[in-house]
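Visitor: okay, sequence plus prediction incoming.
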2 protein chains.
Amino acid sequence: MAVVTPTHRTQEQRRAETQAKVLDATIKSLLEDGYAQTTTRHVAALAGVSPGAMAHYYPRRVDLVASAIERLAEQRLEAWAELAETLSDDPGERAPALLDLLWDDFSSPLFTVFVKLWIAAADDPELYQRLADTERRIARTIARLAAQSIGEMQSQAGWEGRLLVVLAAVRGLALTEHFEPRTEPLPDPWPIARATLIEVFASPQNRKTTARRERTRR
Amino acid sequence: MAVVTPTHRTQEQRRAETQAKVLDATIKSLLEDGYAQTTTRHVAALAGVSPGAMAHYYPRRVDLVASAIERLAEQRLEAWAELAETLSDDPGERAPALLDLLWDDFSSPLFTVFVKLWIAAADDPELYQRLADTERRIARTIARLAAQSIGEMQSQAGWEGRLLVVLAAVRGLALTEHFEPRTEPLPDPWPIARATLIEVFASPQNRKTTARRERTRR
DNA sequence: ATAAAAACCGGACGCATGAAATGTTACACT
DNA sequence: AGTGTAACATTTCATGCGTCCGGTTTTTAT
């Protein structure tokens, strides 16, 4: 495939360029076709790179998806850190805002990629090994973010369980929405779930401070 | 392979026997090796049946796993119906008991099989088609069971959201426990989550303040 | 009871796809 | 200009799914 361009690209440029193309193609494939269908050939074709060239950078499939997921994690963490800045100072507003942030994150297609990889990793020790480190960083960041977002709440009884339940509920809801087979489409469950989760967060103990009505978004 | 055959097995018997062996082997493989590694030959070897024999009953892989999952669903539904009988009549006891039932079900290895198949079905239209019907029956049964278990609660404000959140939370918690990669083992989250979920189920509807500001929007 | 028919089971082949080894081209340094 | 090294391309090997055909056991009809 004769490259017509006499452009003087340095090796570093070429290297970075093909790597970027390959990683983008990998993410695209994971999103649209799932992990099983994300084959080396398919990714190479999507990226417009020869299979052999790709094998040079990512010898095995695991290397490919591990690198891609690390890049994804970077983006996700950056987005989180950025959005965390926009949170209100009012404790009564902060919980609902955090919930919406969570839901936006979990209901995005990127969440499905992570889930698909968790499942695959359950039966693939090597992939598991590669994902564990990345996943750990994500979990830590989210935990830290959540902790500092609900800050003073931690002194109250049962905050640990409430945080656990809220996170699990959002995850479970997202899982159902994304993956559970349906014969007919169902209405968006978030408005109803959101209302209940705000109650859980606000908890009976400090109802006087949080009894103010929350804003309805969107 | 001369079976000296003093056994007078009727065709129906042979048929049922090999089918049972194959289906059991399929479930075993799904449990231990995941969907991707559940190959037709692997299952045949596990069942002690030749690939050709298996192909006679289940021409393609989809037929195999679809049949297996239907059998699993039967067992699961029967177990649920049976356990539902043992629930206490005391409304105060019934919610915790239902929660424990839920957790037992979702934290069992069988749950992981269903999840693995959901994920696989997301990128496999034919498998999706086959699973949708079965999954729908399960969802209906659980919904009906939960509804009649919390019976009179339905008259109270926000019961819809509470049920939704509780189910989602248990699902999400189970997902995390089963699949999220960890570098170190974590303590069992159920005791803490359980306590919070019981509150969610049973607590705030007694207070008049929360009942008023429910139904934010929809 | 026995022969014909049907059902059941076992092994093997073709096709497609995934991963890896080997060969070829382009760049950098002196 | 020439050589060593890194980037890229092609080829080969291994694995898994789906299907067919031959052999055997059970059923049915006389």
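Guide: Arrived safely, thanks for sending.

Visitor: any weak-confidence spans in chain A?
Guide: A:1-12, A:91, A:150-155, A:203-218 (pLDDT under 70).

Visitor: now do the contacts for the residue of it found nearest DNA strand C.
Guide: With C-beta to the nearest atom of the strand as the measure, residue A:39 is the residue of chain A nearest to DNA strand C, at 2.9 Å. Every C-beta, even on glycine, is put in place using the N, C-alpha and C of the backbone. Residue A:39 is in contact with residue A:61, counting by C-beta atoms under 8 Å, 6 or more residues apart in numbering or on different chains.

Visitor: if we go to 10 Å?
Guide: A:29, A:33, A:45, A:51, A:61, A:64 (C-beta atoms under 10 Å, 6 or more residues apart in numbering or on different chains).

Visitor: any figure for the gap between it and residue A:119?
Guide: Residue A:39 sits 18 Å away from residue A:119, going by C-beta to C-beta, to the nearest Å.

Visitor: likewise for residue A:59?
Guide: Applying C-beta to C-beta, the value for residue A:59 to residue A:119 is 24 Å.

Visitor: now the most centrally placed residue in chain A, nearest residue through space, not along the chain?
Guide: Central residue of chain A (C-alpha atoms, centre = their mean): residue A:111, 4.4 Å from the mean position. Using C-beta to C-beta, 6 or more residues apart in numbering or on different chains and skipping the chain neighbours, the partner closest in space to residue A:111 is residue A:174 (5.7 Å).

Visitor: any idea which element that neighbour lies in?
Guide: Residue A:174 belongs to helix A:159-179 when assigned by DSSP states H and E.

Visitor: what residues does chain A put near DNA strand D?
Guide: A:1, A:11, A:14-15, A:18, A:49-53, A:55-57 (C-beta under 7 Å from any atom of the strand).

Visitor: so of these, which ones are in helices?
Guide: A:11, A:14, A:15, A:18, A:51, A:52, A:53, A:55, A:56, A:57 (DSSP state H).

Visitor: show me where chain A has its helices.
Guide: A:11-33, A:40-47, A:51-57, A:61-85, A:91-106, A:109-122, A:125-150, A:159-179, A:190-202, A:207-210.

Visitor: closest to residue B:141 out of those helices?
Guide: helix A:159-179 (16.0 Å; C-beta to C-beta).

Visitor: pull out the buried positions in the closest one.
Guide: Burial within helix A:159-179, assessed by neighbour count using 16 or more other C-beta atoms under 10 Å in any protein chain shown, is assigned to A:159, A:161-179.

Visitor: touching, residue A:67 and residue A:60? I think so.
Guide: No. Here residue A:67 does not reach residue A:60: they are 11.3 Å apart, not a contact under C-beta atoms under 10 Å.

Visitor: comparing those two, which residue is more hemmed in?
Guide: Legend: neighbour count by other C-beta atoms under 10 Å in any protein chain shown for residue A:67 and residue A:60, higher for residue A:67 (17 against 11).

Visitor: how about the more buried one: what's its closest non-neighbour residue?
Guide: Per C-beta to C-beta, 6+ apart, closest to residue A:67 is residue A:23, 6.2 Å.

Visitor: that neighbour - how many residues pack around it?
Guide: With other C-beta under 10 Å as criterion, residue A:23 counts 22.

Visitor: ditto for residue A:31
Guide: For residue A:31, using other C-beta under 10 Å, the count is 15.

Visitor: check contacts around it.
Guide: A:38, A:72, A:109, A:110, A:112, A:113, A:116.

Visitor: so which of the residues you listed is the closest to chain B?
Guide: Chain B lies nearest to residue A:116 out of the contacts of residue A:31, by C-beta to the nearest C-beta, at 5.7 Å.

Visitor: excluding its backbone neighbours, what's nearest that closest one?
Guide: residue A:35 (4.9 Å).

Visitor: could the contacts of residue A:31 go into TSV alongside distance to residue B:78 and neighbour count?
Guide: Listed next are the contacts of residue A:31 as TSV, based on distance: C-beta to C-beta, whole Å; neighbours: other C-beta atoms under 10 Å in any protein chain shown:
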residue	distance to residue B:78	neighbour count
A:38	38	27
A:72	42	22
A:109	37	10
A:110	39	18
A:112	32	22
A:113	36	21
A:116	31	22
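
Visitor: between the residues you listed, which sits nearest residue A:124?
Guide: Distances from residue A:124 to those, taken by C-beta to C-beta, are shortest for residue A:116, at 12.0 Å.
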